[in-house]
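Asker: Below is the sequence, then the predicted model.
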Amino acid sequence: MPDQFQTRATLSIVATPIGNLGDITLRALQTLKDADVIACEDTRVSAKLLAKYDIKKPLLIFHAQSGPQASRRILQLLGEGKQIALITDAGTPGISDPGSELVRAVRDQMGNEVRIEAIPGPAAVTAALSIAGVSGNDFLFMGFLPHKKGRLTAFKEIAASERTCIFYESPHRIEKALASLAELLPSEGDDAKGKAGQSRRIMVARELTKLHESFIEGTPSEVAKHFAEHKGEVRGEFVVIVTA
């Protein structure tokens, strides 16, 4: 009996490696091979992944700055019954990424006419948490913190939280972020005490799954000092974990 979904347009949300190109699932590869069009964040980045696995498909740019025209084009292709695979430069679309907006638009405008499927895989937040040695049962993921307005409020929320907090940071702001945490989470004294009666600790995972992957752990002031003294490590992509 044929698959009931074969005659329907499909939007596949495909997770791709966060660094090491070997970290892709067999199902993700098959989905990319079967797609009529691959919507991607940056064609140059995606081309490297696709070339490694000898996948040749039309690429359509979709990212935060591509505007409504890109969404309309994807909706049009889905209306024609096409299979569209959505990928980002790294990780799972929709996690600190505008993929969720596209999914919402497809659900609102096309409803059951389109099958939306998840092709799960890597995400930097879960990769960092898996090697942190802290409980993953209850945590607050904050994505990228605001650049200006609301940034201090976000740090105060982290300081007041009784949950482990995780956020992404860029090399341009990582030192300022660590300085803010060191100020709001002093390394000694009652203000730094967590639920277990221990000082709050920070863990910074950098360049996960890549050649220069590193993991730094300590009090807020210790971690801030480390990066102040090792400027060569202030580059790449960062996941910051603040323990409860």
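Answerer: All right, it came through fine. All values reported here derive from a predicted model rather than from experimental measurement.
Asker: And stretch 131-140, what's buried?
Answerer: For stretch 131-140, a neighbour-count test (16 or more other CB atoms under 10 Å) marks 132, 134, 139 as buried. C-beta coordinates here come from the backbone N, C-alpha and C atoms, glycine included.
Asker: Sorry, wrong one. I was asking about stretch 97-117.
Answerer: Neighbour counts over stretch 97-117 (16+ other CB under 10 Å) mark 97-99, 102-103, 106, 114-116 as buried.
Asker: Centre of the chain to it, how far?
Answerer: Stretch 97-117 has its average C-alpha position 19 Å from the chain's average C-alpha position, going by CA atoms, centre = their mean, to the nearest Å.
Asker: just to revisit the earlier point, of the buried residues of stretch 131-140, which belong to strands?
Answerer: Counting by DSSP state E, these place residue 139 in strands.
Asker: Spatially central residue in the protein, please.
Answerer: In the chain, the residue lying closest to the centroid (CA atoms, centre = their mean) is residue 95, at 4.7 Å.
Asker: could you say which helix or strand contains residue 217?
Answerer: In the assignment (DSSP states H and E), residue 217 maps to strand 214-218.
Asker: mind listing what that strand pairs with, with the direction of each?
Answerer: Applying DSSP bridges, strand 214-218 is found paired with strand 202-206 (antiparallel).
Asker: The partner strand: which residues count as buried?
Answerer: For strand 202-206, the neighbour count (16+ other CB under 10 Å) marks 202-206 as buried.
Asker: what's the answer for stretch 170-181, then?
Answerer: 174, 177-178, 180-181.
Asker: Low-confidence stretches in this protein?
Answerer: 1-7, 186-198 (pLDDT under 70).
Asker: And the helices in the protein, which stretches?
Answerer: Along the chain, the segments classed as helices by DSSP state H run 26-34, 43-52, 67-79, 99-110, 124-130, 151-160, 174-184, 220-229.
Asker: so what are the domain limits for this structure?
Answerer: Listed by automatic domain parsing, the domain ranges of the chain are 9-119, 124-242.
Asker: give me the number of residues near the closest residue to residue 25 other than its chain neighbours?
Answerer: Excluding the flanking residues, the one nearest residue 25 by CB to CB, 6 or more residues apart in numbering is residue 121, at 5.2 Å. Neighbourhood size, residue 121 [other CB atoms under 10 Å]: 17.
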